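K.L.:
Need a 3D model of the following:
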Amino acid sequence: MQAWSDADWKVFFEVHSGLPRENPGDDETTKKAYQTLSNLPEHPHILDVGCGSGAQTVALAMLSHGQITALDVHQPFLENLKRKAEAEGVSDRIQIVKGDMCAMDYAAKSFGVIWAEGSIFIIGFEKGLHDWKRLLTDKGYLVASELSWFKREAPEEIQKFFAEVYPQMKTVEDNLAIARNAGYRVVGWFPVPESSWWKNYYAPIEAKLPALKSKYQSNAEALSIIAWEEREIEMFRKYSAYYGSVFYILQAQA
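P.N.:
So this is what the prediction gives:
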């Protein structure tokens, strides 16, 4: 993909605003991943990196009874998180921070858990594991969901699509090896159910696109962004057996 302009990003965020989640997932998968963590303190300090509008942030606050630092670069997402946290009565345990995950300056060993649900791709899976490890307490956990190939061989159409949009995507086996080489113990992994892609992510996006196409009918750049969204959804509809979002539950080793 070519670099997007500010106008492109404006349309992208318009497409993605107001969704139940900003990535494939649901409260059940967040809960499943969190419940694999053991020997946590009674009130763990959790860093939610690239928290988006914070559906998983609120779920984590309710699951963990801990203190959560929720970081994202997009202020409208953070405003949505603030409203959700207040509505669920957990705003006192969520510190909302506007910041860049690629330039975090927290002190070493600040967090018992780092959570990156659908966001680690921004910095890169391998780089994130390396750069963020210093922020974890001894035997702290890093939990990330990452787009991954389920099979090494896939149809040419979907291979070409991801060669364009996410050439860094690797197989589950490759990501597990990366995690071990970065000094983590693999506690477990599991794919996000296909239903979670549709219910909270793709179906709400798809419902918004006709009105946006009408709104931007004379704007070729905006229409190209909308077409890109349609293409992404169609690729998943056709090829979800070959790739998906995978939760990796990792524990830092000395």
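K.L.:
My read is that residue 117 contacts residue 31, right?
P.N.:
No. Here residue 117 lies out of contact with residue 31, judged by CB atoms under 8 Å, at a distance of 12.0 Å. Where you see a C-beta, it was placed from the backbone N, CA and C, and this is true even at glycine.
K.L.:
State the distance from residue 15 to residue 236.
P.N.:
From residue 15 across to residue 236, the span is 15 Å (CB to CB, to the nearest Å).
K.L.:
more crowded one of residue 117 and residue 31?
P.N.:
residue 117 (30 against 14; other CB atoms under 10 Å).
K.L.:
contacting residues for the residue nearest to residue 34 when sequence neighbours are not counted?
P.N.:
If you skip the residues right next to it in sequence, residue 34 has residue 63 as its closest partner in space, 5.0 Å away by CB to CB, 6 or more residues apart in numbering. With contacts taken as CB atoms under 8 Å, 6 or more residues apart in numbering, residue 63 has the following neighbours: 30, 31, 34, 35.
K.L.:
I would like a ChimeraX command selecting only the buried ones among those, please.
P.N.:
The buried residues among the contacts of residue 63 can be selected in ChimeraX (16 or more other CB atoms under 10 Å) with this line:
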select :30,34
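K.L.:
Neighbours of residue 29, how many?
P.N.:
For residue 29, the count of nearby residues is 22 (other CB under 10 Å).
K.L.:
is it true that it touches residue 192?
P.N.:
Yes. Using CB under 8 Å, residue 29 and residue 192 qualify as a contacting pair, with a distance of 5.4 Å.
K.L.:
mind listing the strands for the stretch 1-150 of the chain?
P.N.:
Along the stretch 1-150 of the chain, counting by DSSP state E, counting those that start in this stretch, strands occupy 45-49, 67-72, 94-98, 111-117, 136-149.
K.L.:
What residues does residue 24 make contact with?
P.N.:
Residues touching residue 24, when contacts are defined by CB under 8 Å, 6+ apart, comprise 118, 145, 192, 196, 197, 200, 201, 202, 244, 245.
K.L.:
do residue 201 as well
P.N.:
Each residue near residue 201 by CB under 8 Å, 6+ apart is listed here: 19, 20, 21, 22, 23, 24, 25.
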